[in-house]
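J.: What shape does this take:
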Amino acid sequence: MKGFQMKKLDEAISLALAHVEPVTETERVLTTQSLGRVLAEDIICPEDVPGFARSAMDGYAVRAHETHGASTEHPRTLKVIGAVEMGQDPRTLPPVGAREACEIPTGGPMPPGADAVVMLEETERPQHQIVRLFAAVTPGTHVLSGDSDFRRGELVFKAGHKLRAVDIGALLAMGILSVKVYRRVRVGLLSTGSELVEPDHKVRPGQVRQINSHVLQNLLEGAQGLFLGIVPDDREHLRAAVQQAVRASDMVVLSGGSSVGARDWTLDVLQELGEILVHGLQIKPGKPTIFAIIENKPVIGLPGNPVSCVIVFEKFVRPVLARRSGLRVLLPAHRLASAQLTQTVRSAVGREDFVAVRLRVDEAHGALYAEPIPGHSNNISTLARADGIVRVPSDFEAIPEGAQVWVELL
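T.: Have a look, this model is predicted:
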């Protein structure tokens, strides 16, 4: 007899991750094309970056002891021996000697002999070759060392780190032009339902356009989605499709047929082909979720309703995908915003709820408001109109109007 064996979301995630192994195959890719990829090697900085001492301010490079006692009432006067140009080789710069200064821009290389910079705002230039200093500095003031960005031999990133845009900039700054990463995880996508047709087909009465696989495909950051078609509500068709998907993929995600209705065959087929570890999550939307292992590969059955499908992907599938991809630390996938709830959101104790909200900015008062969006999990419009999701913890009956909440931005 079919039935749900409900698990809390955190419990289900822990159970699933305990049965998921990362892919082992690696490849080398250009750093400029590595966004979203997971490192398969530690990154050790090969050289000091930037490799030379530079000024952190516009001003004058000086010998710090020459400025001792300088103040507005008692300025120090130094001879200006030249000006540093951006990109200039510091070895070609004239050394700064006794009672001398060299004009320097922000980021300019420090000339030999100078060990500090007096900010431009604390100086006066009465003559071309004379500068007055109205502040004293100590060695190292407004000077960035040659290893201020990265130090040679420093461990910058550990294997298992997912590369972001800023990480690519860091790698290129170190002169690292290629990196070894885990290959992209192949995710087989199946949609089940005799009522489904592709969006480019004519829709007859009783049919609906299949959108879940296309939404999921665009959520697979760093992975390769393989859309393997629409499967009708037929046990044998589904069994053959799942077997094919398992052979072609590193993990499989099905949408639809995961509940306990007479035409919902996903549970039966996955149970026949492998081991069911999860059937039913204590969340709304997304209760009829399945996690199975078939031939040592994770296979996940999602609800067919678009909102449920997306919520379960974000909350359950994404951690599984991250582990399969070789990610070492599972971080939140989305940015958070703090907002004030405009109306009470009710739930049931023992169940986590995820509520779609629209954000509204009150510029006059500098406030951000979260307005719950009424809608059904059948309707993609619920999420299309939303800016984010508010989580109602399982031990809450409600979150009251006016409460400050965290909004997970979509």
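
J.: so residue 16 sits right up against residue 316, yeah?
T.: Yes - with contacts counted by C-beta atoms under 8 Å, residue 16 reaches residue 316, the gap being 7.4 Å. Where you see a C-beta, it was placed from the backbone N, CA and C, and this is true even at glycine.

J.: Touching both of those two, which residues are there?
T.: With contacts taken as C-beta atoms under 8 Å, 6 or more residues apart in numbering, residue 16 and residue 316 have residue 291 as neighbours in common.

J.: next helix or strand past the host helix or strand of residue 338?
T.: For residue 338, the element it lies in under DSSP states H and E is strand 336-341. Using DSSP H and E, the next helix or strand after strand 336-341 towards the C-terminus is strand 345-346.

J.: Neighbouring strands - and their directions - for the strand holding residue 338?
T.: strand 367-372 (parallel), strand 404-409 (antiparallel) (DSSP bridges).

J.: For the helix ranked longest in the chain, which residues meet the burial criterion?
T.: Secondary structure of the chain per DSSP state H: the longest helix is helix 235-248. Neighbour counts over helix 235-248 (16 or more other C-beta atoms under 10 Å) mark 238, 239, 241, 242, 245, 246 as buried.

J.: Surely the fifth one is in contact with residue 188?
T.: Read it as residue 245. Yes - counting by C-beta under 8 Å, residue 245 does reach residue 188; the two are 3.7 Å apart.

J.: Identify the contacts common to those two.
T.: Joint contacts of residue 245 and residue 188 (C-beta under 8 Å, 6+ apart) are 226, 228, 252.

J.: nearest to residue 40, of those residues?
T.: residue 226 (21.9 Å; C-beta to C-beta).

J.: Where does the closest one fall, secondary structure wise?
T.: Secondary structure (DSSP H and E) places residue 226 in strand 224-231.

J.: What strands line up against that strand, and which way round?
T.: As assigned by DSSP bridges, strand 224-231 forms pairs with strand 186-192 (parallel).

J.: Any chance you could list what contacts the partner strand?
T.: 210, 212-213, 216-217, 220, 223-233, 238, 241-242, 245-246, 248-257, 265-266, 304, 321.

J.: How about stretch 195-212?
T.: 191, 193, 214, 230, 255, 256, 302, 304, 306, 309, 380.

J.: and if we set it to 10 Å?
T.: 189-194, 213-214, 227, 229-233, 253-256, 302-306, 308-310, 313, 378, 380 (C-beta atoms under 10 Å, 6 or more residues apart in numbering).
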